[in-house]
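Novice: What follows is a predicted structure for the sequence shown.
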Amino acid sequence: MQHHDRIRAVEWSDEGLKLLDQRLLPRLEQWVLLKDALGVAQAIRDMVVRGAQAIGVTAAYGAVLAARDRYAESPEHWRNAIEEDFRILAESRPTAINLFWALERMKARLAGIEGDPVVALLDEAKRIHAEDVAANYRMGELGAELIEGPCAVLNHCNTGSLATGGFGTALGVIRAAYGAGRINHVFADETRPWLPGARLTAWELVEDNIPVTLIAEGAAATLMRQGRVKWVIVGSDRIAANGDVANKIGTYSLAVAARHHGVKFMVVAPTSTVDMTIATGADIPIEERAEEEVLTLAGTRIAPDAAHAWNPSFDVTPAELIDAIVTEKGVVEAPTLEKMKAMMAG
Ligand code: MRU
C-alpha cells in the first residue's frame, strides 16, 4: 500500500532533537530545538510533544542527548551520571507506557557498549522511531479491513502522525480506510480540556483532504443515536494484560455510549503500548493535570475565581466494551487475558 502522509512531529538532526510545537498548532508550525535531556523531559511535561508513541520516540532521542553530554563530561563516569537523566525523563509523564518502554530499550542497548555510546544509542532511537511508523502502517491495513464501508467514524483526542512516530494509530486506520473507500467521513471530538481533536486531529485531516466534522464530545451520543457513525476508533496510552484500555479522558464515556447504540469500538495501539505486567486497568497510573487547563480557555479564565476543577487526563475503558484491539501483531476481538497473551506471543 502507498502512504502519502507528510506530517512528522519528531526529527533528529546533528544539532539536537527537533519537535514540532503542538501547543501552537494549527495557527503556527514552529519547531523547537532541544539540546539536552532536561529540555526533552520539560517538553514532554509541557505538551510540546504529546501522544503515547510520540512521547516514547522523543524520550529515546532524549537518552541520546543525555549520552552525548555525559560522555563528553566524563568518558570514565558517564554510566553513573546518565542514570539521573533516565530518571528525569521517566518522571516527565506517568500514564503512557511507551515512555518507560522506550527508556528500557535504550538502557538495554547501553549494556554491551564500550567507549562512546552515542552512535549505538542513536541507532536504537532511530530503530524505535522507524518501528513505530512501520507498526502504524501495518495497523492501518489490519484496522481498515474490519470496517465495512463506506461509512463515517468518530475519533477521540489526536492519534495521528503528531501523536506517534508518524502516520498514526487510530488516525492511521482512518487514513488507510479512507484511502480504501471504507471510510467517507470523520467526526472528531474536540476533546476537552486540551482540545487536541480541534487543534491537531482536524488539522491533520484537513492537511490530508479527508472530510472532517468537529463535535463537542457532549454531542457524541446523539451522533450515535442518529446512526451517523458505525465505528468509534481510538488510540491508547497503556493496555493492561486483560485488554482494559487507558486513553484520553472521555474515551470511556464513548465506549459506554457506543455499546448502548450498537456502534462498534476499535482501539488501535502497537504492542509497545501493551503492559502485560499490569493485570487490569485499575492498576494503570492516571495522570491528573493542572486545574487551569479546565478553568481557562486559551489563557483566559472562564470559571469564577473561587471555582476548582478536577482534571484527570486519562480514563480506563473495560475490555468488555471493546470490539477490537488492533496491534501490529494482529487483531484481538472481544479482548481477554488469554487472547492478549496469544497475540503478544504471536
Ligand atoms: O495527553 P496526551 O495528548 O499525550 O494524550 C494522548 C492520547 O490520549 C492519545 O489518544 C494516545 O496517546 C493514543 S494515540 C497516540
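Specialist: Looks like it came in fine.
Novice: Isn't residue 61 up against residue 10?
Specialist: Yes. Counting by CB atoms under 8 Å, residue 61 does reach residue 10; the two are 7.0 Å apart. C-beta coordinates here come from the backbone N, C-alpha and C atoms, glycine included.
Novice: what's the overlap in contacts for these two?
Specialist: Between them, residue 61 and residue 10 have 17, 129 as joint contacts when contacts are counted by CB atoms under 8 Å, 6 or more residues apart in numbering.
Novice: How many neighbouring residues does the residue lying closest to residue 230 once chain neighbours are set aside have?
Specialist: Among residues not flanking residue 230 along the chain, residue 151 sits closest, at 4.0 Å (CB to CB, 6 or more residues apart in numbering). Neighbour count for residue 151, taken as other CB atoms under 10 Å: 16.
Novice: Over to the one 5 residues further on?
Specialist: The local packing of residue 156 (other CB under 10 Å) involves 28 other residues.
Novice: ok, now how distant is it from the ligand?
Specialist: 7 Å (CB to the nearest ligand atom, to the nearest Å).
Novice: for residue 198, same thing?
Specialist: For residue 198, the distance to the ligand - CB to the nearest ligand atom - is 13 Å.
Novice: hang on, that residue in a helix?
Specialist: Yes. Secondary structure of residue 198 (DSSP: H, G, I helix; E, B strand; the rest coil): part of a helix.
Novice: Any idea how many residues pack against the nearest residue to it once chain neighbours are set aside?
Specialist: Nearest in space to residue 198, with sequence neighbours left out and distances taken as CB to CB, 6+ apart, is residue 190 at 4.1 Å. The number of residues packed near residue 190 is 22, by other CB under 10 Å.
Novice: what's residue 190 in contact with, if anything?
Specialist: Per CB under 8 Å, 6+ apart, neighbours of residue 190: 197-198, 214-217.
Novice: Out of those, which one has the weakest pLDDT?
Specialist: Of all the contacts of residue 190, residue 217 has the smallest pLDDT value, namely 95.
Novice: That one reaches residue 195, doesn't it?
Specialist: No. Residue 217 lies out of contact with residue 195 (CB under 8 Å); the separation is 10.6 Å.
Novice: who's more crowded, those two?
Specialist: residue 217 (23 against 19).
Novice: what about the residue of the stretch 101-250 of the chain found nearest the ligand, distance to residue 260?
Specialist: In the stretch 101-250 of the chain, the residue that lies nearest the ligand is residue 235 (2.4 Å; CB to the nearest ligand atom). To residue 260, residue 235 is 22 Å away according to CB to CB, to the nearest Å.
Novice: Of the two, which one has the most company?
Specialist: Each of residue 235 and residue 260 has its neighbours counted (other CB under 10 Å); residue 235 has more, 31 against 11.
Novice: Torsion angles phi and psi at residue 182?
Specialist: Dihedral pair for residue 182: phi -90, psi -20, per degrees, to the nearest 10.
Novice: Same check on the one 5 residues further on?
Specialist: Note on residue 187: backbone dihedrals following degrees, to the nearest 10 are phi -100, psi 130.
Novice: The longest helix seen in the chain close to the ligand?
Specialist: Identified as the longest helix of the chain according to DSSP state H is helix 118-146. No. On the criterion CB under 6 Å from any ligand atom, helix 118-146 is out of touch with the ligand, staying 9.3 Å away.
Novice: list the helices and strands that helix packs on?
Specialist: strand 10-13, helix 52-73, helix 97-110, helix 170-179, strand 264-268, strand 324-327, strand 330-333 (3 or more CB pairs under 8 Å, 6 or more residues apart in numbering; DSSP states H and E).
Novice: Nearest to residue 46 among the ones you listed would be which one?
Specialist: The closest of those to residue 46 is helix 52-73. By CB to CB, the value is 12.0 Å.
Novice: and the closest one, average pLDDT?
Specialist: 98.
Novice: Can you list the buried residues in stretch 194-207?
Specialist: The neighbour-count criterion (16 or more other CB atoms under 10 Å) identifies 194-205 as the buried residues of stretch 194-207.
Novice: Repeat that for stretch 247-265.
Specialist: Buried, per 16+ other CB under 10 Å, within stretch 247-265: 247-255, 257-259, 261, 263-265.
Novice: so of these, which ones are in strands?
Specialist: 247-248, 264-265 (DSSP state E).
Novice: How about the residues of the protein by the ligand?
Specialist: Contacts of the chain with the ligand, taken as CB under 6 Å from any ligand atom, map to 50-53, 96, 157, 159, 163-164, 169, 196, 235-237, 247-248, 313.
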